[in-house]
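1. Give me coordinates for this.
(one chain, ligands or ions: 1)
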Amino acid sequence: MTLLLENVTKRFGEHTAVNNLSLEIPGKEIFGFLGGNGAGKTTTFRMILGLLDKSAGNISWNGEQINYGKSNMIGYLPEERGLYPKLKVKEQIIYLGRLRGMGKQEIVSELEKWLERFKVPEYMDKKVEELSKGNQQKIQFISAVIHKPKLLILDEPFSGLDPVNVEMLKEAVLDVKDSGTSIVFSSHQMDHVEEMCEHLCILQKGKPVVQGALREIKRSFGKKNLIVHADGSLDFLKEFPGVVSYKKVMDGCKLQIKDEEVSQEILQALQGRGFIRKFELEEPSLNDIFIEKVGASYE
Ligand SMILES: Nc1ncnc2c1ncn2[C@@H]1O[C@H](COP(=O)(O)OP(=O)(O)OP(=O)(O)O)[C@@H](O)[C@H]1O
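-> Numbering: from 1, shown residues only. Have a look, this model is predicted:
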């Protein structure tokens, strides 16, 4: 159950949107596909699904080419949501489910389950245009999973959702994964990726700048975060050897330090300067890693 991208390139005229991208995406887990605006995520998804021709390279799922239009094994939540506003939710999902080879009874019974789960059973007979954007997104998600795909591609599934709905959808995505579906999703929200993915790739100008197992990526990043809340000024830590960055926060500061040893030196230096209320060493967040790896190229 591996999704394999080998030397995949996509050019739009002079512009190279995806540049010789090679990735092995393990099956039966959730893979995070990250990158700044215009990094090439959606273009890659469209090529994976066979909706866009590659300029070069090869993509396969378990050794076979993917054709989204003809396959019942794949689910896709596109970035630009594409429901028919005038159709009722039920009509819409029946239409899409039939395209995926399902019978009407089965579709309606699955749809009922999903609407119950999303706490909106009354939407069955509502027109899509009557629903809020966030609730339309739930329906679009249902349309991507109704046929229980083996491979699910979610382009920004959580954008525009309120925190309660984000949690609801996250749980649904995790359950779909537990049922054996391989999921690839893109997001600009690093905390979602940290919570859900074992492996990930950060794309920048069509090329991966970071890829691999999240745990390993964090470990090899080296730097740690140190949060200090203490009485008195902590400004001296700006110039402290081994401090890579200094950010003032309420009640203290958040530092990025070269390694754990620096934290011990800082602890010593703080002795006698005032009461220490918090001294916490943390792993770097995916947000820190993203900002360093992707942010540098914005400058
Ligand atoms: N049909 C097209 N014609 C020309 N250029 C395109 C086309 N589609 C995408 N691009 C360009 O390819 C690059 C990658 O776009 P893509 O939509 O894949 O990025 P993305 O990573 O999904 O971005 P975002 O996070 O903003 O959605 C961008 O520079 C974009 O302008």
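2. For residue 111, which non-adjacent residue is closest in space?
-> Excluding its sequence neighbours, the residue lying closest to residue 111 (C-beta to C-beta, 6 or more residues apart in numbering) is residue 93, at 5.0 Å. Every residue, glycine included, has its C-beta placed from N, CA and C.
3. cool, and residue 244?
-> With C-beta to C-beta, 6+ apart, the residue lying closest to residue 244 is residue 256, at 4.4 Å.
4. Could you tell me the per-residue confidence at residue 138?
-> Looking at residue 138, its pLDDT reads 93.
5. what number of residues lie near it?
-> 24 (other C-beta atoms under 10 Å).
6. For it, what is the enclosing helix or strand?
-> helix 133-145 (DSSP states H and E).
7. likewise residue 175?
-> helix 163-178.
8. Please identify the buried residues of that helix?
-> Buried residues in helix 163-178, counting neighbours by 16 or more other C-beta atoms under 10 Å, are found at 165-166, 168-170, 172-173, 176-177.
9. how far is it from where the chain is centred?
-> 13 Å (C-alpha atoms, centre = their mean, to the nearest Å).
10. CA atoms only for the helix or strand following it - export them in PDB, please.
-> On the C-terminal side of helix 163-178, the closest following helix or strand by DSSP H and E is strand 182-186. In PDB, the C-alpha atoms belonging to strand 182-186 read as follows (Å, rounded to 0.1, in the frame of the first residue of the first chain):
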ATOM      1  CA  SER A 182      -4.300   5.600   3.500                       C
ATOM      2  CA  ILE A 183      -4.700   9.400   3.800                       C
ATOM      3  CA  VAL A 184      -2.600  12.200   2.400                       C
ATOM      4  CA  PHE A 185      -3.600  15.700   3.500                       C
ATOM      5  CA  SER A 186      -2.400  19.200   3.100                       C
END
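11. tell me which of the buried residues of helix 163-178 is nearest to residue 15?
-> residue 173 (32.2 Å; C-beta to C-beta).
12. how about the residues of this protein near the ligand?
-> 12, 15, 17, 35, 37-43, 79 (C-beta under 6 Å from any ligand atom).
13. Looking at these, which two lie furthest apart in space?
-> 15 and 79 (18.7 Å).
14. Pretty sure residue 94 sits in a strand.
-> No - read with DSSP: H, G, I helix; E, B strand; the rest coil, residue 94 is helix and lies in no strand.
15. picking up where we left off before, in contact with the residue nearest to residue 111, which residues?
-> 107, 111, 139, 142-143, 146 (C-beta atoms under 8 Å, 6 or more residues apart in numbering).
16. Return the member of these nearest to residue 125.
-> residue 111 (11.3 Å).
17. Identify the residues contacting that closest one.
-> Contacts for residue 111 were tallied using C-beta under 8 Å, 6+ apart; they are 89-90, 93-94, 97, 124, 142, 146.
18. Likewise for residue 260?
-> Per C-beta under 8 Å, 6+ apart, neighbours of residue 260: 224, 281.
19. follow-up on the earlier one: residue 15 and residue 79: who's more crowded?
-> Legend: neighbour count by other C-beta under 10 Å for residue 15 and residue 79, higher for residue 79 (15 against 9).
20. just the angle between the helix or strand immediately after the helix holding residue 138 in the chain and helix 133-145, please?
-> Beyond helix 133-145 on the C-terminal side, the first helix or strand identified by DSSP H and E is strand 151-155. Between strand 151-155 and helix 133-145, the angle comes out at 160 degrees (axes from the mean of the first three to the mean of the last three C-alpha atoms, to 10 degrees).
21. Centre of the chain to strand 151-155, how far?
-> 10 Å.
22. who touches it?
-> With C-beta under 8 Å, 6+ apart, strand 151-155 has contacts from 3, 41-42, 45, 48-49, 61, 66, 73-79, 141, 144-145, 173, 176, 181-186.
23. quick one, phi/psi of residue 84?
-> In terms of degrees, to the nearest 10, the main-chain angles of residue 84 are phi -90, psi 110.
24. which residues touch the nearest residue to it once chain neighbours are set aside?
-> Computed as C-beta to C-beta, 6+ apart, the closest residue to residue 84 that is not its neighbour in sequence is residue 92, at 6.0 Å. For residue 92, the contact set (C-beta under 8 Å, 6+ apart) comprises 83-84, 128, 139, 143.
25. Next, format the buried residues of helix 163-178 as CSV and append distance to residue 239.
-> As requested, these are exported to CSV (distance: C-beta to C-beta, whole Å):
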residue, distance to residue 239
165, 45
166, 40
168, 47
169, 45
170, 42
172, 49
173, 45
176, 50
177, 47
